[in-house]
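Participant: Provided below are the primary sequence and the corresponding predicted coordinates.
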Amino acid sequence: MTSTVLNQSQEEIRLDESVDLLPAFLIRLSNESLNLKLNERYDPLDQMLPQNSVDVSTDEDLSISLNLSQSETEPILIQPWSKLCPVVGVDVSSIRIGETSEGMLCALRGAVVWRSPTGYLYSRCGPLIFHLTETTIHSIFERLRFPSGLSESYLPLATRVLGRLRNALERWIQRSICHFFKDSLILFDGSLTAGTPDNPARPIEAILRTARNNGDTVLAISKSTKLRLMGNEITHLTDHISSACLIDVDSAVRRYFPIYPVQLLGRIFVAKLFQKGFSFRLDIDKEVSRDEAIKSVRKLVVSDLVSQGYPETLRLAHILSTFTANEVIGIQRFLRGRYGLRAEPPFNLRRSLFGPYGSSWEAS
């Protein structure tokens, strides 16, 4: 790959060899987890796609019911900026492949999409495959300097660890992209809320600092939020507004948000980027002034497609990182050829006795 020229109006931007989207430490962890002795068989999960996709959110939003004054819900109409600028979207996905007698097989993949004068360009990394067992989870804790355990949750331990691995890959890619692109809009999936063991604030602070040093602005878009007004998500604030607009709810949210340990690293808006599109929670680096934050949204609506209210670069990044059924079959074939691991569900007594009426979701 060539060209680090970042004048997007004249030249296409292409990632060069200096941009390493796959960290070596995760590659080593993947290899080590798979090189441990595997059984000859594993149990593929019954519902492979899309139910089997894992979306373990590391955002630490609290469920807060806001009480907003009329002035705090005043819309800011979005007027498109006069010039284009580079727009980059980053997303990472994870999926469970199946279960062994010792643990769980899973995979990660990341994608970066950016807008060029002639269309959209992308780069993908992965998949990285992990065998999460008691032994490999302990190794992951040590290598990634996680605490010896995880906070209480209804989720299984392996699923929580997969969420942390996904978070580690996503933060690595985000920082690499913020280091490479100059004077650009960098779009993240999720929010800029952090500060817990599962999602520490320090990596995001480093990413935002790198972005600012390169003239970039980070915008994070959440497809759902726990922030509510009158029992409804705050995104309903724009329902009665027919134009593209922003509503600045940052001050109102901070009044209700605890100071520690959870941190709001972004200025919070409700964003309706297209007059007939959906509305989303939008976080913009809080170290950027309010005027500059609004200016970045004006640049976004003219530099990227937002026909449904969601930036096309981020939509494509999600699609390109998501695993399809064919790709899961490819991973299974790799596991068979490289490790001799065969997909073979264990004997199911209920299914043998009751046939289709022995479904796993019925009461025992």
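Facilitator: The structure has been received and is ready for your questions.

Participant: what about Gly277, neighbour count?
Facilitator: 16 (other Cβ atoms under 10 Å). (Glycine included, C-beta is placed from N, CA and C.)

Participant: for the closest residue to Leu121 other than its chain neighbours, report the pLDDT, please.
Facilitator: Excluding the flanking residues, the one nearest Leu121 by Cβ to Cβ, 6 or more residues apart in numbering is Trp114, at 5.7 Å. We have a pLDDT of 96 for Trp114.

Participant: what does the one 10 residues further on give?
Facilitator: According to the prediction, Arg124 has pLDDT 94.

Participant: need the contact list for Gly277.
Facilitator: Gly277 makes contact with 244, 306-310, according to Cβ atoms under 8 Å, 6 or more residues apart in numbering.

Participant: do you know how far Asn232 is from Val288?
Facilitator: Counting by Cβ to Cβ, to the nearest Å, the gap from Asn232 to Val288 is 28 Å.

Participant: and the two? which has more neighbours close in?
Facilitator: Neighbours per residue (other Cβ under 10 Å) separate Asn232 from Val288, with Val288 holding more: 20 against 11.

Participant: need the residues that contact stretch 302-310.
Facilitator: 80-87, 115, 185, 221, 271-274, 277-280, 300, 311-313.

Participant: tell me which residues of that stretch are tucked away?
Facilitator: Neighbour counts over stretch 302-310 (16 or more other Cβ atoms under 10 Å) mark 302-306, 309-310 as buried.

Participant: again, but for stretch 175-187
Facilitator: For stretch 175-187, the neighbour count (16+ other Cβ under 10 Å) marks 175-182, 184-187 as buried.

Participant: measure it end to end?
Facilitator: Taking Cα to Cα, to the nearest Å, the first and last residues of stretch 175-187 lie 12 Å apart.

Participant: low pLDDT regions in the stretch 1-150 of the chain?
Facilitator: Applying pLDDT under 70 to the stretch 1-150 of the chain flags the ranges 1-12, 16-18, 37, 39, 45-63, 70-71, 146-150.

Participant: before we move on, what about the stretch 151-300 of the chain?
Facilitator: Low-confidence segments of the stretch 151-300 of the chain (pLDDT under 70): 151-155, 258-260.

Participant: ok, back up a step: what about the residue nearest to Leu121, helix or strand, and which?
Facilitator: strand 103-116 (DSSP states H and E).

Participant: same deal with Arg350?
Facilitator: helix 349-354.

Participant: same thing with Gly309?
Facilitator: Using DSSP H and E, no helix or strand contains Gly309.

Participant: picking that back up, the buried residues of stretch 302-310 into CSV, with extra columns for secondary structure, pLDDT and distance to Ile97?
Facilitator: Formatted as CSV, these follow (DSSP: H, G, I helix; E, B strand; the rest coil; pLDDT from 0 to 100; distance: Cβ to Cβ, whole Å):
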residue, secondary structure, pLDDT, distance to Ile97
Val302, helix, 96, 42
Ser303, helix, 96, 38
Asp304, coil, 97, 34
Leu305, coil, 95, 34
Val306, coil, 95, 35
Gly309, coil, 94, 34
Tyr310, coil, 96, 29
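
Participant: any idea which of the residues you listed is closest to Pro156?
Facilitator: Tyr310 (31.1 Å; Cβ to Cβ).

Participant: re the thing from before, closest to Cys125 among the contacts of Gly277?
Facilitator: Of those, the one sitting nearest to Cys125 (Cβ to Cβ) turns out to be Tyr310, at 23.0 Å.

Participant: and the closest one, backbone torsions?
Facilitator: With angles defined as degrees, to the nearest 10, Tyr310 sits at phi -120, psi 130.

Participant: from Thr193, how far out is it?
Facilitator: Counting by Cβ to Cβ, the gap from Tyr310 to Thr193 is 20 Å.
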